[in-house]
Structures are given as C-alpha cells and as structure tokens.
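In: what follows is a predicted protein model with its sequence.
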Amino acid sequence: MTRLKASPLVEALQGYSAPLEGRRGFLRLDFNENTIGPSPKVVAAIRAIPPEHYAMYPEYDHLKRHYAQVVGGAMEQVGVFNGADGAIHAVFQAFGAAGDTLVMATPTFGYYAPCAHEQGMTIQAIPYGLPDFHYPQQAIAQALQRQPRLLMICNPNNPTGTPVDPGWIQATAAAAPNTLVVVDELYEAFTGDTVLPAGLQQPNLLVLRSLSKTAGLAGLRMGFAVGSADVIERLERVTGPYDVNGFAVTAALAALDDLDHLRAYVEEVKAARHWLLPQLAAAGLRHHCHGGNYFLLWPEQDPEVLVGALRQRGVLVRPMTGKPLLNGSVRVSIGSLAQMQFFWKCYQECAAQL
Ligand SMILES: Cc1ncc(COP(=O)(O)O)c(C=O)c1O
C-alpha cells in the first residue's frame, strides 16, 4: 500500500520535538515554566466556571480589552492565541511565503525554524557573539539591508539569556519598514526590557507575550500578540475563530487581576538566582546566566548522563546537545529558592558519583 504523502514542504520538515511526556511529579527545570503554579484566584475562577460555559464557544473581547490596558494599547492591537506558539505559527503563516527570508540570531527558541520551513522560507541564522553570547547587532543590521520578510528577536533570548536594547529594536524596525520585526518577549518580566508601549507606534513591530513562564498557565495555553491593528488582523485571518479555549480565557483574566502574584514569583526567581550563582562560581563550574528564568551550565560529566542522574533524583533539566555554540551544556530553569537549593544538592550528589 502506498503511504499518503503530505505536502512536499511538510514531508521535508523536521518538526519541533520536545521531551514533554512523563514530567508530572518531577521538579520541572527543563521548560522554563513557572514551577509553583498560578495564583489561587486562577484556581477559584476555573472552579467557578458554570457548565453552560463549557458548552459555549469562547468570547475574547473582554480579555483583549484587559490586556490592551496592561500593555498600554488599544483592543484592536491585541491578538489572543493558543500560547505564544500559536502566535508564532500565525506570524509565519500570514507573513512568510516560499522564498522569503527569516533573519534571526542563533541559537534561539526552536519553534521559529520549523514554522519558517513549513512556509518554504529561507533562514539566515547569525550566531550570537562569543564568549558572552552577545547579540550580533551589526550583522543583523547588515542582513536587514536586503529587506528580509521577517526578523525574529527573542528578548531576552532563550537559551542564552541575551538581552537586546529595546531602543535599538525600535530604531532598527523604523529603518526596515519592509520587514516585520517580531520581538518574542516571553521572558521580559525577568529583565524589564520591553518595546511596549512605545513600539506600538511602529507599524512593522510585533510583540509576543504569554502566561506560561510567569503566571503558571503553561498547561492552559494563553499567548498574546501586540502590534498594529493591521498586523493583528492578518494574524487573525489565519487563526481559527475559537482556537483559544474558554478555560484559558477565564484563567488569563484571573491571572491578570492578580499581577501581585506574578510579580512575587518573578522576585522569588531572582532571589533564587542570586543565591545560586555564587554556588556555581565557588564550585568552579562553567556557566552562563543573563536574562530570563534559566541558565546554561557546562557539567564536567557527559551532559546526557548527568541529565539521567538528575532525573533519578526527581529533577528535570534540558541538555543542549546539538545546539550551535552550546554543545556540552544543559539549560536549567530557575524556580523558587527552595527548589534551586534542592537542585544544587542533587547536582552535587550526581557530580560526586559520576
Ligand atoms: C522564547 C519562547 N517563545 C515562545 C515559547 C512558547 O510559549 P507558550 O507556552 O506561550 O506557547 C517559549 C516556550 O518555551 C519560548 O521559550
């Protein structure tokens, strides 16, 4: 029997694969999610959803209005997506055509590349600068002179934590009006660097946010795109009318009503980072930690073996095997102080045994 083939682009595609199964009950330091859960107000709001709402298609306007207030824009400048990933996919579907170019710095978040390939786009990947993984500003500016379709900037970058100056991003977008400049601000809460709200004046600048990393809603899926009403409308053309479920909408509204919880979590992560970094330095371990709720660590042991040993102790971390510039490292998310103290105890036990 002949196997039915997908489109040629999809047959050639290497999808984004993430080891997401079997993680319950572990200390999850492998996907940069919030590690302690959402505000109790989110849990209460979900429990209070009347069964009638289960049966209805969701409504989005209230949430869009609310998020527009948070970022200082108008409701038409906000799109609601099934996680930031939903927004990323829509960006490529709406703006990327076969033969167009995506410019990005590498290594970066792994979902941009498959979305570009799915559209038949060409990727110009410019390496971060060593030894400190700085953003390759000059090379990016040069690449923009050829008027690529898309520039993706992950700020701060996952996994290197590299920050990019919001002023530079806005000036760069202004100088490249034929390029859609997308700023993935998923970890912005940990650095405070954002192009919003000033960037809303720039019609080719789009910002992505989500409630996965700070608000503890990764499992419910809620992402936002913020930009010019025209761009948002194009993204909505390629998004299903009820792609984001009603539970996520209710949870998002409750989470945005309790920004104190979110801010307290960010502070907890920063305190944990403040405690952990001197431990790594004192142990003489090569590491790199900048923005974001994560850091890179180059263990003395084989990273895959270390990851397995940590897993046996209940801790999940992510090997960066095969990522450009990062071979031999593991990425570790930063959770609460108690969680990082547990991680460090387990790491030392593993290092002593392996
Ligand atoms: C930079 C970046 N963008 C987007 C995402 C996807 O986030 P979401 O859970 O909102 O889809 C992630 C998740 O790891 C990420 O690191």
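Out: Right, received. Where do you want to start? Residues are numbered from 1 along each chain as shown.
In: tally up the residues packed near the residue in the stretch 51-200 of the chain that the ligand sits nearest to, please.
Out: Here the residue of the stretch 51-200 of the chain nearest the ligand is residue 83; by Cβ to the nearest ligand atom that distance is 2.6 Å. Quick note: C-beta positions are derived from backbone N, CA and C, even for glycine. For residue 83, the count of nearby residues is 23 (other Cβ atoms under 10 Å).
In: can you check residue 93 too?
Out: 17.
In: wait, it touches residue 234, no?
Out: No: applying Cβ atoms under 8 Å as the test, residue 93 and residue 234 come out as separate, 9.5 Å apart.
In: report the secondary structure state of residue 213.
Out: Judged by DSSP: H, G, I helix; E, B strand; the rest coil, the three-state class of residue 213 is coil.
In: neighbours of it, just the number please.
Out: The tally of other residues near residue 213 (other Cβ under 10 Å) stands at 27.
In: I figured it was touching residue 189, is that so?
Out: Yes: applying Cβ under 8 Å, one finds residue 213 in contact with residue 189, separated by 7.5 Å.
In: show me what the residue lying closest to residue 148 once chain neighbours are set aside bridges to in the sheet.
Out: Leaving out its chain neighbours, the residue that sits closest to residue 148 by Cβ to Cβ, 6 or more residues apart in numbering is residue 101, at 3.9 Å. Assessed by DSSP bridges, residue 101 has beta-bridge partners residue 122.
In: ok, residue 101 - how many residues close by?
Out: Residue 101 has 18 nearby residues by other Cβ under 10 Å.
In: OK, contacts around it?
Out: Shown in contact with residue 101 (Cβ atoms under 8 Å, 6 or more residues apart in numbering): 121, 122, 123, 124, 146, 148, 149, 150.
In: kindly report the residues of this structure close to the ligand.
Out: For the chain, the residues in contact with the ligand (Cβ under 6 Å from any ligand atom) are 31-32, 83-85, 109, 154, 158, 184, 186, 210, 212, 218, 223.
In: so residue 287 belongs to a helix, correct?
Out: No: Residue 287 is assigned strand when assessed by three-state DSSP, not a helix.
In: report the beta-bridge partners for it.
Out: residue 297.
In: now a PyMOL select for only the buried ones of the contacts of residue 101.
Out: Buried subset of those, written as a PyMOL selection, criterion 16 or more other Cβ atoms under 10 Å:
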select buried, resi 121+123+124+148+149+150
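In: got CSV for the contacts of residue 101, with distance to residue 303 and pLDDT too?
Out: Shown next, in CSV, are these (distance: Cβ to Cβ, whole Å; pLDDT from 0 to 100):
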residue, distance to residue 303, pLDDT
121, 31, 98
122, 31, 98
123, 26, 98
124, 29, 98
146, 37, 97
148, 34, 98
149, 36, 98
150, 32, 98
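In: and the contacts of residue 101, which is closest to residue 61?
Out: Residue 61 lies nearest to residue 150 out of the contacts of residue 101, by Cβ to Cβ, at 28.4 Å.
In: which residue lies farthest from the center of this structure?
Out: Distance from the centre of the chain peaks at residue 1, with 41.4 Å (Cα atoms, centre = their mean).
In: okay, now the unreliable bits of the stretch 201-350 of the chain?
Out: Within the stretch 201-350 of the chain, no stretch has pLDDT under 70.
In: for the ligand, what is the nearest residue in it?
Out: Of all residues in the stretch 201-350 of the chain, residue 210 sits closest to the ligand, at 3.0 Å by Cβ to the nearest ligand atom.
In: pop out the phi and psi values for that residue.
Out: Main-chain torsions, residue 210, degrees, to the nearest 10: phi -160, psi 170.
In: these two touch, right, it and residue 226?
Out: No: taking Cβ under 8 Å as the definition, residue 210 is not a contact partner of residue 226, at 11.5 Å.
In: more crowded one of those two?
Out: With neighbours defined as other Cβ under 10 Å, residue 210 and residue 226 compare such that residue 226 has more, 29 against 24.
In: what's the helix or strand for the residue nearest to that one when sequence neighbours are not counted?
Out: Closest residue in space to residue 226, ignoring its immediate chain neighbours: residue 207 at 4.5 Å, by Cβ to Cβ, 6+ apart. Using DSSP states H and E, residue 207 sits within strand 205-210.
In: perfect, that will be all.
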